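**Q** A structural model of the following input is requested.
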Amino acid sequence: MAGEWNDLSMEIKHMILKGVVLSRSQLHRKSAYSTVCKEWQMFFEKYLFRRLIMRHSAISKFGQLLDPRRRGLLQHLWVRIERPEDPIVTETLLQLFKIMSSWKKEETNNKLTLELSDHYPSDHRLAPYEYDCRPYPHIDDEDCAYEELYAHMSRKKTDYQWYFTFVRKRRPHQIFSRSPDLDPSSARPRKQVAFPKAEVVKSLLIRRQYACNFSPDTLFGIIRSLPGLETIRLEGYNGFKYGFTNRLEDCFRSTDSLKTLSIFDEGELFRHTSDGHTMENLHSPVGAALANNSGLLENLSIGFAVDAGDFFQGFWPGNPPAKSQAERRGGNHRTADNRALRPGQTLDESANEKWPVLKSLALTSKLLHPDTPENLIGDLLRAAANAALQMPSLQQLEIWNQSQKVDFMCIFTYQRHGNDGYPTITLSNTWGYELKPDVVSSWNKVAEKYEHHQVTVWERDLDLEGLDSNTCGAVVSYLQLRRLVLHPVSMCQIMCEHDAAKDWNNT
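**A** Numbers count the residues shown, from 1 in each chain. A predicted model of the protein is given here:
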């Protein structure tokens, strides 16, 4: 047998072993194949150690498991904190960061993603939805098509139907706003903990399925301890009320490696009502802080956590929209250099570009609402165009919104190179709003500045028929930047939830 195997070419061997890896049996059951011989060990360990899923109780064995050779195989480490109390979280992170701080950059593959999640084994109401430890359908990468994930999760379909039953029967914030004891609202004094620095981590991920609602102190303590971070994805995070703005500004000042920031907090759909006339209850200081500190980012997406009106406040044509509650209390956090434009005022074309490397930008705004005066929607889109004049690398921009019950949707998209190769703006909505000439004129200035060509304008109606309430799957699936807005697995899970919700409604 050994002779027959050794007689095969490397290409044939690779095809056979890859077929074993991709077979239906679970990957952890294939670890026995790595003990057959040295050649098989080297092959199978590439997949066995590519993604590790660990409970917090196993952290102590983590350093022994990954010798210098295996560290180069690890691309995704998922740490599941299953008793998220203060001492356990702190001790888990201290152990983990101490281990990774000893790793050398040359021992790793420069792709390591750290995923964190918290779990409540005693909370039986949440257990059916949360305890699927294998949401990643691919062994090779994080990516997946909707059909693949839907097939992978079909056995969990009843859990998704249960989830929507729970959402409808109980207050939604019981899921979307749940927080561990780290939440500063508990008002217990805490000693700040400095975690060891782990330079080998390139991406921090908290997926919406297992939202880890650390306090801003804890969250940004983690971020400061990862000086090599290039990507941060926070889904379902709702700690914006508790000193988030100051920590965010400190974070941007302390790192120059960060390229992509994506925050998605769909809980805002449940916690606030949709009001198209004002920007009540939004985290206005956070929006202004993001605008003032995101100059070195290449990709930025903020879903529901802040309003695009706040982000573009310094570029508003004429009178800015109504102030937020925080500003009415005297807390205007905007700097003098970030004030609204006077009527008829234009930007200084010779001014320094505020976002010189920004390629992709996705924001939400409550102003995209059927009840908002059309001139105010136009002002928002013109403000976005004014800001885009200071984004020489911008390829795509999307501003979007939907209601909690999906009784309306709206998406505005700018593409530097559309289907015809020329700059394009597209407005899609459900209530017949049309782009006004002054909006088109503002975006023509952007296109002419960077592409020496006017924009092509597209407008289309979106159909609400068959769309379900209480999901974001309806609108997100239309977004050009959906892979920036959500992690691929989160995107597919939202679509699964959307389909499960429709099934639930039809029963």
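**Q** what residues are up against Asp420?
**A** By Cβ atoms under 8 Å, 6 or more residues apart in numbering, the contact set of Asp420 is Thr456. Bear in mind the C-beta positions are built from the backbone N, C-alpha and C, glycine included.
**Q** what's the closest non-adjacent residue to Ser360?
**A** Leaving aside its chain neighbours, Ser360 sits nearest to Asn299 (4.5 Å; criterion: Cβ to Cβ, 6 or more residues apart in numbering).
**Q** for the one you found, phi and psi?
**A** Per-residue torsions, Asn299: phi -140, psi 130 (degrees, to the nearest 10).
**Q** mean confidence for stretch 13-33?
**A** Average pLDDT, stretch 13-33: 69.
**Q** mind checking the end-to-end distance for it?
**A** 14 Å (Cα to Cα, to the nearest Å).
**Q** Same check on stretch 199-214?
**A** So stretch 199-214: terminal residues 21 Å apart, Cα to Cα.
**Q** quick one: average confidence on that stretch?
**A** Stretch 199-214 comes out at a mean pLDDT of 84.
**Q** sorry, back to before: and the gap between the residue nearest to Ser360 and Ala198?
**A** Relative to Ala198, Asn299 is positioned 23 Å away (Cβ to Cβ, to the nearest Å).
**Q** Quick check: bridge partners of the residue nearest to Ser360?
**A** Beta-bridge pairing for Asn299 (DSSP bridges): Thr260, Ser360.
**Q** before we move on, what about Val79?
**A** The partner residues for Val79, given DSSP bridges, come to Met54, Leu116.
**Q** That one: neighbour count?
**A** 21 (other Cβ atoms under 10 Å).
**Q** ok, now Leu435?
**A** Neighbours of Leu435 using other Cβ under 10 Å come to 18.
**Q** what's near enough to touch it?
**A** Gly378, Leu381, Ile425, Leu427, Val457, Glu459 are the contacts of Leu435 under Cβ under 8 Å, 6+ apart.
**Q** Would you mind checking which of those residues is nearest to Lys111?
**A** Ile425 (35.3 Å; Cβ to Cβ).
**Q** Surely that closest one touches Ile411?
**A** No - using Cβ atoms under 8 Å, Ile425 is not in contact with Ile411, being 11.2 Å away.
**Q** neighbour-wise, which of the two wins?
**A** Ile425 (26 against 21).
**Q** Make sure the more buried one is indeed in a strand.
**A** Yes - assessed by DSSP: H, G, I helix; E, B strand; the rest coil, Ile425 belongs to a strand.
**Q** Show me what it bridges to in the sheet.
**A** With DSSP bridges as the rule, Ile425 is bridged to Tyr414, Val457.
**Q** show me what contacts it?
**A** By Cβ under 8 Å, 6+ apart, the contact list for Ile425 reads Phe412, Thr413, Tyr414, Gln415, Leu435, Val440, Trp443, Val455, Thr456, Val457, Trp458.
**Q** Spatially nearest residue to the last one (excluding sequence neighbours)?
**A** This means Trp458. Thr426 (4.2 Å).
**Q** Contacts only, for that neighbour.
**A** Per Cβ under 8 Å, 6+ apart, neighbours of Thr426: Ile411, Phe412, Thr413, Gln415, Val457, Trp458, Glu459, Arg460.
**Q** what's near enough to touch the nearest residue in space to Lys197 that is not next to it in sequence?
**A** Excluding the flanking residues, the one nearest Lys197 by Cβ to Cβ, 6+ apart is Ser225, at 5.3 Å. Counting by Cβ under 8 Å, 6+ apart, Ser225 touches Phe97, Ala194, Phe195, Pro196, Lys197, Ala198.
**Q** go with 7 Å
**A** Residues near Ser225 by Cβ atoms under 7 Å, 6 or more residues apart in numbering: Phe97, Phe195, Pro196, Lys197, Ala198.
**Q** Then Val485?
**A** For Val485, counting by Cβ under 7 Å, 6+ apart, the contacting residues are Ser262, Phe264, Ser301, Gly303, Ala362, Val476, Leu479.
**Q** In this structure the third one contacts Leu358, no?
**A** Same thing as Ser301. No - applying Cβ atoms under 7 Å, one finds Ser301 not in contact with Leu358, separated by 11.4 Å.
**Q** Tell me the helices and strands packed up against the helix or strand harbouring Lys449.
**A** Taking DSSP states H and E as the criterion, Lys449 maps to helix 437-451. Packed against helix 437-451 by the contact rule (3 or more Cβ pairs under 7 Å, 6 or more residues apart in numbering; DSSP states H and E) you find helix 374-388.
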